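[1] Just the structure for this:
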Amino acid sequence: MLCYTGHLWQPLRGSLRWAHLAHLPAGSGVWGDLSGAATGRGAGSLRVSSFGSTEDPCVQDTSYHTPVLEKEVVEALAPAEGKLLLDGTLGGGGHTRRLLENGAWVLAMDQDPEAIEWATRRLEGMEDQMIALRANFASFPDILREAGLGPVLDGILLDLGVSSHQLDQAERGFSFMRDGPLDMRMDPDGLLSAAAVVNQWTEEELARIFYEYGGEKASRRVAKVIVKRREERPFETTADLAAVVGTVIPKRGPASPATRVFQGLRIAVNDEMGALEAALASAHHWLKPGGRLAVITFHSLEDRIVKQHFRRHSGAEIDRPEWPAPRPNPDYHYRLITRKGITASPEEIKRNPRSRSATLRVVERLG
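    Down below sits the predicted model:
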């Protein structure tokens, strides 16, 4: 359960919602510039979060979300005193905690207000080292730009996908395992819900997202039966949608027939591919020379986008069959740190079964 101790909204221009942690260190430099932007001198809307007592049960509960590949992330980003790192998906604060414990300063982001509230309580006592902002990680260039900063980051972590907490809460509507409203919005203030997609998008659009984002081979048949059923009554719950999908796709093995459909729907609702591509396109502009970009993916579509982006930006030359000789690569920004993706160990998978699909890829900004 999420615990609140009070909060204050101050609307400013722009569309971001910022959560500025109290007691930031005084002084000038990067941290002062960031804190200045977060306290209202930049665009966005400010959210000032108070901190509960250390007796608050939320602080003691570590079940919100179990981060994956923690050790590997720390090795990749090498957090240390004086380094400024961006954690683009704060979640339950697990990765951020490890970065802070190693002395780094962290600019943490999450579009889910529950994650911001929960993680700030879990990380109480470390607030001098971090700022937590409520925003999609694709917005980080705007945040740094509004603070008047250039390439200041020593590392960026993007942990993609949905959190354990979001999956486990029926009222968030992410999972067919727990009946709830057909929602799936990572940002609960987002305009597009899963119900709107299922009940309003065309048959062709539905088939496309089920196939492209979910990898569902029966996407056309599923879309057809959804459109036919919604003419009788709209879809409102996750169980209702899963049951209809089950009439088209037979159950084989332990996975639900609706797994791929729900994945495609969630990705579309949250524009996850658009956010990923935008963040990847901007990252090299904001990393210092030697700074690293680490991305954790959870399905093949995400991983393919990251892998291709890293390869495209880590080759000094481009060679094509029609060219007489290779040419310099104008997008040569990185050195590959991981030739192959890093996956969870058998021990981690045993502790956290959701880590079995995680893949970590890392590149380093050239000087």
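
[2] burial measure for Glu127, as a count.
    18 (other C-beta atoms under 10 Å). All C-beta spots, glycine's among them, are computed from the backbone N, C-alpha and C.

[3] What residues does Leu100 make contact with?
    79, 106, 123, 126, 129-130 (C-beta atoms under 8 Å, 6 or more residues apart in numbering).

[4] With Ala242 instead?
    The neighbourhood of Ala242, defined by C-beta under 8 Å, 6+ apart, consists of 176, 256-258, 262.

[5] which two of those residues lie the greatest distance from each other?
    Within these, Pro257 and Phe262 form the most distant pair, 10.2 Å apart (C-beta to C-beta).

[6] With neighbour numbers in mind, choose between the two.
    Phe262 (25 against 21).

[7] can I assume that one is in contact with Ser175?
    Yes: contact status for Phe262 versus Ser175: in contact at 7.3 Å, counting by C-beta atoms under 8 Å.

[8] Would you mind grabbing the residues shared as contacts by these two?
    Joint contacts of Phe262 and Ser175 (C-beta under 8 Å, 6+ apart) are Thr238.

[9] what about Leu158, which SS state?
    Following DSSP: H, G, I helix; E, B strand; the rest coil, Leu158 is assigned to strand.

[10] can you check Glu364 too?
    Glu364 - assigned by three-state DSSP - is strand.

[11] what about the chain, any weak spots by pLDDT?
    1-65, 163-174, 176 (pLDDT under 70).

[12] Please parse it into its domains.
    7-165+273-365, 188-269 (automatic domain parsing).

[13] can you list those in JSON lines and add distance to Leu182?
    Formatted as JSON lines, those follow (distance: least, C-beta to C-beta, whole Å):
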{"stretch": "domain 7-165+273-365", "distance to Leu182": "15"}
{"stretch": "domain 188-269", "distance to Leu182": "4"}
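
[14] all strands for the protein, in order.
    Taking DSSP state E, the strands of the chain run over residues 7-10, 17-20, 45-49, 84-87, 105-110, 130-134, 153-159, 287-297, 317-318, 327-328, 334-336, 342-343, 359-365.

[15] will you turn those into CSV that also has mean neighbour count and distance to Leu280?
    Shown next, in CSV, are the strands of the chain (neighbours: other C-beta atoms under 10 Å; distance: least, C-beta to C-beta, whole Å):
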stretch, mean neighbour count, distance to Leu280
strand 7-10, 11, 32
strand 17-20, 22, 23
strand 45-49, 19, 26
strand 84-87, 26, 13
strand 105-110, 27, 15
strand 130-134, 25, 19
strand 153-159, 25, 8
strand 287-297, 22, 8
strand 317-318, 12, 18
strand 327-328, 10, 21
strand 334-336, 18, 11
strand 342-343, 18, 18
strand 359-365, 23, 10
